[in-house]
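Trainee: pasting the sequence and the predicted coordinates here, then a few questions.
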Amino acid sequence: MLTTSHNVRDLQVTNTEIAIYEFIANISRRFVCHSLTTPSMAHPPRTREDYQIGIICALAAEKAAMVAMLDENHYRLKKEDGDDNEYTLGRIGVHNVVIACLPAGLMGNGPAAVVANNMQRSFPIKFGLMVGVGGGVWSRKDDIRLGDVVVSLPTGTHGGVMQWDFGKAGKGGKFQRTGSLDKPPTVLLHGLQELRTFDITDGVNIERCLALMVQNKPRMGEVYRYPGADHDQLFEATYDHEGDETCEECDPRSIVQRATRNNATPRIHYGNIASGNEVMKHGVTRDKIAKEEDVICFEMEAAGLMNSFRCLVIRGVCDYADSHKNKIWQPYAAATAAAFARELLGFIDKQELVKRPRE
């Protein structure tokens, strides 16, 4: 009996050992196969045709925020001859994207148009995003605060963007704005509608994307942090700035009293964006144009893109387009705009690659 019991126990141990050995062997085979897989086998070499979504920023601080939103960075590729742009390539979700920035020290519609044109020569761009900061227009209808995001949406007679400083002198010398700009491509408007629907039912999580930025690039956490509601001051349009860069010497009695928000979560606003070659920093002029043209934000690049670079404009609000503007909110506003851009791409289907002939 003892012998029989001993033999059964030996058989059980042997079966267990066999199972363990088989498990280890399977793991080893998978490890060896993985080790023998070259990068080119795991990820076929990418070409410029793989990048059909273009993102343009005007400032280094804006591009840095956008780059920090990438899920994956890709190797650089050779550009077309004569393309002076510098690109960052990567992936957000299912989309490969190419990111470019205006040259240092240059801004406005002209330089933006040059960057977009070069990008479209080197990459088969289907649609794009203009991502960065802008000046918000507060009103009782649109309770825009610093750090919020404004997205260009066709409204009224405009396609989402209008050029406020382009026109002619009419009767009596009155300035008349002329011309019109294209609206964003349908694929972006469909994606935007899905995002807005989700925002109503579940809420778009901008803060999650901001946390991802710091996770990807920890050193950005300090500079790109939320400045605090105490630094969000809107002055009466007729009251001009006094003192240096900050508003410490400005009269607090001229601050517009607005309801305190329950939290610091950035809110999203949709409407027309005014674009021009001059910086808007005059409260009375801001409000006049905003009322005449039904705009909720001012910036300096989009008008150079809309008719040749099919895009949606996304602006984080860093000031109120008046004489009190400063750069305190720029990094955080750039981050909220980049965060929204990342969220929006999640509502757009992966684009079918279309190989274009090369000369």
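Mentor: Looks like it came in fine.

Trainee: distance of residue 90 from residue 343?
Mentor: In this view, residue 90 and residue 343 are 16 Å apart by Cβ to Cβ, to the nearest Å. The way it works is simple: take the backbone N, C-alpha and C, and place the C-beta from them, glycine included.

Trainee: quick one, what contacts the nearest residue to residue 325 once chain neighbours are set aside?
Mentor: Once flanking residues are discounted, residue 325 sits nearest to residue 319: 3.6 Å by Cβ to Cβ, 6 or more residues apart in numbering. Shown in contact with residue 319 (Cβ atoms under 8 Å, 6 or more residues apart in numbering): 135-136, 146, 325-326, 329.

Trainee: can you rerun that using 7 Å?
Mentor: Contact analysis of residue 319 by Cβ atoms under 7 Å, 6 or more residues apart in numbering lists 135, 325-326, 329.

Trainee: next up, phi/psi of it, please.
Mentor: Main-chain torsions, residue 319, degrees, to the nearest 10: phi -160, psi -180.

Trainee: what pLDDT does it get?
Mentor: Note for residue 319: predicted pLDDT of 96.

Trainee: hang on, the earlier thing: tell me the one among the contacts of residue 319 nearest to residue 75.
Mentor: residue 329 (34.5 Å; Cβ to Cβ).

Trainee: that closest one: how many residues sit nearby?
Mentor: 22 (other Cβ atoms under 10 Å).

Trainee: where's it relative to residue 122, distance?
Mentor: The gap separating residue 329 from residue 122 is 33 Å, by Cβ to Cβ.

Trainee: all helices for the chain, in order.
Mentor: Along the chain, the stretches classed as helices by DSSP state H are 2-36, 39-42, 60-67, 109-122, 186-201, 206-216, 220-223, 283-293, 330-345.

Trainee: and the last one, what's its mean pLDDT?
Mentor: I take that to be helix 330-345. Rounded mean pLDDT across helix 330-345 is 98.

Trainee: can I have it written out in CSV, keeping just the CAs?
Mentor: Extracted C-alpha coordinates of helix 330-345, given in CSV (Å, rounded to 0.1, in the frame of the first residue of the first chain):
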residue,chain,number,x,y,z
GLN,A,330,-0.3,81.7,-21.9
PRO,A,331,1.2,78.4,-20.9
TYR,A,332,-2.0,77.1,-19.3
ALA,A,333,-4.2,78.3,-22.1
ALA,A,334,-1.9,76.6,-24.6
ALA,A,335,-2.3,73.4,-22.6
THR,A,336,-6.1,73.6,-22.5
ALA,A,337,-6.2,74.2,-26.3
ALA,A,338,-3.9,71.2,-26.9
ALA,A,339,-6.0,69.1,-24.6
PHE,A,340,-9.2,69.8,-26.5
ALA,A,341,-7.4,69.1,-29.8
ARG,A,342,-6.5,65.7,-28.4
GLU,A,343,-10.0,65.0,-27.2
LEU,A,344,-11.5,66.0,-30.6
LEU,A,345,-9.2,63.6,-32.5
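
Trainee: what packs against it?
Mentor: helix 60-67, strand 127-136, strand 149-152, helix 186-201, helix 206-216, strand 311-319 (3 or more Cβ pairs under 7 Å, 6 or more residues apart in numbering; DSSP states H and E).

Trainee: could you export these as JSON lines, including distance to residue 234?
Mentor: Converted to JSON lines, the helices and strands packed on helix 330-345 look like this (distance: least, Cβ to Cβ, whole Å):
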{"stretch": "helix 60-67", "distance to residue 234": "23"}
{"stretch": "strand 127-136", "distance to residue 234": "9"}
{"stretch": "strand 149-152", "distance to residue 234": "15"}
{"stretch": "helix 186-201", "distance to residue 234": "25"}
{"stretch": "helix 206-216", "distance to residue 234": "21"}
{"stretch": "strand 311-319", "distance to residue 234": "10"}
